[in-house]
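In: please find the sequence and the predicted model below.
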Amino acid sequence: MPAPCAWHDRGVTLQDSPFLRACRRLPVDRTPVWYMRQAGRSLPEYRRVRADVPMLEACARPDMIVEITMQPVRRHGVDAAIYFSDIVVPLKAIGLDLDIKSGVGPVVADPIRDADGIKRLRELEPDDVSFVTEAVGTLVGELGPTPLIGFAGAPFTLASYLIEGGPSKNHERTKALMYGEPELWNDLMRRLSVITLEFLKVQVAAGAGAVQLFDSWVGALSAEDYRASVLPHTAWIFERLGELDVPRIHFGVGTGELLSLLSEAGADVVGVDWRVPLDKAAQRVQPATALQGNLDPAALFAPWEVVAERARDVLTRGRAAEGHIFNLGHGVLPNTDPDMLTRLTEFVHEESQT
Ligand SMILES: Cc1c2[nH]c(c1CCC(=O)O)Cc1[nH]c(c(CCC(=O)O)c1C)Cc1[nH]c(c(CCC(=O)O)c1C)Cc1[nH]c(c(C)c1CCC(=O)O)C2
């Protein structure tokens, strides 16, 4: 009975993977490492396969998703794969007119700024993203004992793109709605939470071994505003994800003042950007929380000796956490030399070996 046996073996070794063990705060024989945006423009093989295919088309084609997700695993030997997609994919799947412009990011044709706009956000059905189910299924087969991380954008970060119509420095229209029309804001956040939860559930049902919620731009908020207007929604998502029995990672940029609240929202692992050393971050999160991070992605442009010294410092400080997954403090920058990432992966493994 080869098929059930293969699944059984995979189950055992997958759960023993350093990444899943570190997420669960279990002892590991080496610190696991992966990189946000490890699939993408830093890799020549990515640029080749994406050459004639628009981003959102690539995100809807299982063959492209599988190939691009596998590329950094093959090249760098990282301890986890992250599903190749984008945070706006579920919004496109429910029919919103949006695109991803290279060098810019998501752009929304008709931004959502009032009650009528919010009504356009219908629930996501698994059939809307059947390509996700297919791609994840193929990927977990190919990855074997290497875990696949599913992901979604968190409601605040999605709301910012939808309200502003594209990337924003100050999030002024977003804050205007949040501060000025709390009922509309909460309606928008509730609808986005339902979509986000469903998108993550589809990935887990198809075999993703962990999930990461990206609230990339939430560092724009004060702690009070985060607690009042964002935390209840994010906590709702994490509570429901808790029923799925996969580790939950919560990440944002510029969240030094928010780390305890990010952790309060219910994640098993909190991702930290490069601004807060991990030993300090460990004091800010709830007990029984692992940390992920946090080498400055720009440090990879310095000479190798500098990278190595800083990576060693991250590992040392990471020992203060109850579990540590090595990562960058934000995504890989497009012009990063991919050989630096391969070398860094080997270095983290060697340095942390017990
Ligand atoms: C804020 C955000 C977005 N998308 C995402 C976030 C949260 C993570 C973060 O904070 O960086 C999440 C994301 N987007 C992408 C991934 C792939 C998986 C991985 O991490 O390797 C992930 C996890 C692919 C992508 N998403 C995008 C690319 C670049 C598209 C291209 O190759 O032209 C990739 C590989 C486009 C995108 N999409 C978005 C931005 C800001 C951009 C970059 C715009 C640009 O500089 O061109 C929105």
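Out: Looks like it came in fine.
In: please make it C-alpha for all contacts and neighbour counts, starting now.
Out: Fine.
In: for the residue most central in space within the chain, helix, strand, or coil?
Out: Centroid check for the chain by CA atoms, centre = their mean gives Q212 as the closest residue, at 4.2 Å. Under DSSP: H, G, I helix; E, B strand; the rest coil, the three-state class of Q212 is strand.
In: list the contacts for F301?
Out: 336-337 (CA atoms under 8 Å, 6 or more residues apart in numbering).
In: swap in 10 Å and give it another go.
Out: Taking CA atoms under 10 Å, 6 or more residues apart in numbering, we find F301 in contact with 307, 333, 335-337, 340.
In: what helix or strand is H250 located in?
Out: Secondary structure assignment for H250, by DSSP states H and E: strand 248-251.
In: what strands line up against that strand, and which way round?
Out: The strands that strand 248-251 pairs with in its sheet are strand 210-214 (parallel), strand 269-271 (parallel) (by DSSP bridges).
In: chain center to the last one: distance?
Out: The one in question is strand 269-271. Centroid displacement of strand 269-271 relative to its chain, using CA atoms, centre = their mean, to the nearest Å, is 10 Å.
In: what residues does whichever helix or strand comes after it touch?
Out: Note on strand 269-271: by DSSP H and E, the next helix or strand toward the C-terminus is helix 278-284. By CA under 10 Å, 6+ apart, the list of residues contacting helix 278-284 from outside reads 256-263, 270-273, 275-276, 288-295, 313-324.
In: what residues sit buried inside helix 278-284?
Out: The neighbour-count check on helix 278-284 (16 or more other CA atoms under 10 Å) flags 278-279, 281-282, 284 as buried.
In: low pLDDT regions in the stretch 251-354 of the chain?
Out: Applying pLDDT under 70 to the stretch 251-354 of the chain flags no residue at all.
In: for the ligand, give me its nearest residue in it.
Out: Closest to the ligand within the stretch 251-354 of the chain is G331: 5.2 Å, counting by CA to the nearest ligand atom.
In: shouldn't that residue be in contact with F214?
Out: No: contact criterion CA atoms under 10 Å: G331 and F214 do not qualify, at 11.1 Å.
In: neighbour-wise, which of the two wins?
Out: The residue with more neighbours, out of G331 and F214, is F214; 22 against 17, by other CA atoms under 10 Å.
In: okay, that one and the ligand: tell me how far apart.
Out: 5 Å (CA to the nearest ligand atom, to the nearest Å).
In: when you give positions from now on, start the count at 712
Out: That works, and once the first residue is 712, the last one we named lands at F925.
In: since we're on the residue nearest to that residue when sequence neighbours are not counted, how many residues are nearby?
Out: Using CA to CA, 6 or more residues apart in numbering and skipping the chain neighbours, the partner closest in space to F925 is G864 (4.8 Å). G864 is flanked by 26 other residues according to other CA under 10 Å.
In: kindly report the same for G918.
Out: G918: 20 neighbours (other CA under 10 Å).
In: assign it to helix, strand or coil.
Out: Once three-state DSSP is applied, G918 turns out coil.
In: then V905?
Out: The three-state label given to V905 by three-state DSSP is helix.
In: that one against F949, yeah?
Out: No: between V905 and F949 there is no contact under CA under 10 Å: 11.5 Å.
In: quick one on the thing from earlier: show me how far the strand holding H961 is from its chain's centre.
Out: Distance, stretch centre to chain centre, for strand 959-962: 7 Å (CA atoms, centre = their mean).
In: do the same with stretch 727-743
Out: Centre-to-centre, stretch 727-743 and its host chain are 18 Å apart (CA atoms, centre = their mean).
In: mind listing what's buried in that stretch?
Out: Buried positions in stretch 727-743, judged by neighbour count with 16+ other CA under 10 Å: 727-736, 739, 741-743.
In: between the two ends of it, what distance do you get?
Out: 12 Å (CA to CA, to the nearest Å).
In: who in the stretch 762-911 of the chain is up against the ligand?
Out: Counting by CA under 6 Å from any ligand atom, the residues of the stretch 762-911 of the chain close to the ligand are 766, 793-798, 811, 813-817.
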